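Chemist: here's my sequence, what's the structure:
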Amino acid sequence: MTIEQRAQSFLSVLRHCQLLGMTVEQADENGLVIKLPYSDLIIGNPVTGVVHGGAITTLMDTCCGISTVCYLDEFEICPTLDLRIDYMHPAEPGAPIFGFAECYRVTPTVIFTRGVAYQQSREEPLAHVVGTFMRMGKGTIDSQQVPAASGGTA
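Modeler: Numbering: from 1, shown residues only. Below you'll find the predicted structure:
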């Protein structure tokens with residue numbers, strides 16, 4: 001199973017991501033890109049159509065968490081320990097939002113990630129994010145409970 005297939009498989013078991021229509025656009029050893037399409041479900045201000053910050057938080061927590069499959073040899077459950085998001089400016093209504101995340105340090109107990117939310121270009125971010133995720137180890141989950149996401153080595 002490729003890294004992109006592992007990332008898509010992981011995303012496909014997250015019900016809230018399915019409801020929001022998130023898709024993996026790219027996943028490899030350089031990081032992960034997830035697309036969040038614009039929809040009525042993510043509007044924070046119905047008058048202006050501006051996206052709610054919680055939708056961007058959901059996108060970036062998911063993106064950082066799933067980016068771990070780009071760096072780990074086997075699937076592991078890695079819950080969020082800490083997530084910090086600095087919002088630069090609001091998203092343009094009507095356009096999809098992309099999340100990019102990469103792991104910049106992997107230790108035996110914690111994975112450190114960083115990324116950006118953007119619409120047109122990563123060089124014009126809507127938000128910057130850093131997150132840490134706890135490694136619980138591959139022995140703590142039953143691979144039958146996570147269909148296809150536990151797919152072996154990268």
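Chemist: what residue lies at the spatial centre of this structure?
Modeler: C63 (0.9 Å; Cα atoms, centre = their mean).
Chemist: doesn't that one belong to a helix?
Modeler: Yes. Counting by DSSP: H, G, I helix; E, B strand; the rest coil, C63 is located in a helix.
Chemist: I'd assumed G115 was in contact with it.
Modeler: Yes. Between C63 and G115 there is a contact under Cβ atoms under 8 Å: 6.0 Å. Using the backbone N, CA and C atoms, a C-beta is placed for each residue, glycine as well.
Chemist: quickly list what's touching both of these two.
Modeler: 99-101 (Cβ atoms under 8 Å, 6 or more residues apart in numbering).
Chemist: tell me the helices in this structure, going along the chain?
Modeler: Assigned by DSSP state H, the helices in the chain fall at 3-12, 15-20, 53-66.
Chemist: any idea how far the second one is from the middle of the chain?
Modeler: Yep, that's helix 15-20 we're talking about. 12 Å (Cα atoms, centre = their mean, to the nearest Å).
Chemist: now the last one
Modeler: The chain centre lies 5 Å from the centre of helix 53-66; the measure is Cα atoms, centre = their mean.
Chemist: now A101: how far from K35?
Modeler: 13 Å (Cβ to Cβ, to the nearest Å).
Chemist: looking at these two, which has the bigger crowd around it?
Modeler: More neighbours surround A101 than the other of A101 and K35, with 28 against 15 (other Cβ atoms under 10 Å).
Chemist: that one and S39, how far apart?
Modeler: 22 Å.
Chemist: who does V50 bridge with?
Modeler: Beta bridges link V50 to N45, judged by DSSP bridges.
Chemist: for it, the count of nearby residues, please.
Modeler: V50 has 15 nearby residues by other Cβ under 10 Å.
Chemist: contacting residues for C78?
Modeler: So, once contact is read as Cβ under 8 Å, 6+ apart, C78 ends up touching 65, 68, 111, 133-136.
Chemist: next one: R105
Modeler: So R105 contacts 111-112 (Cβ under 8 Å, 6+ apart).
Chemist: try 7 Å this time
Modeler: With contacts defined as Cβ atoms under 7 Å, 6 or more residues apart in numbering, the neighbours of R105 are F112.
Chemist: comparing the helices of the chain, which comes out most buried?
Modeler: helix 53-66 (a mean of 22; mean count of other Cβ atoms under 10 Å).
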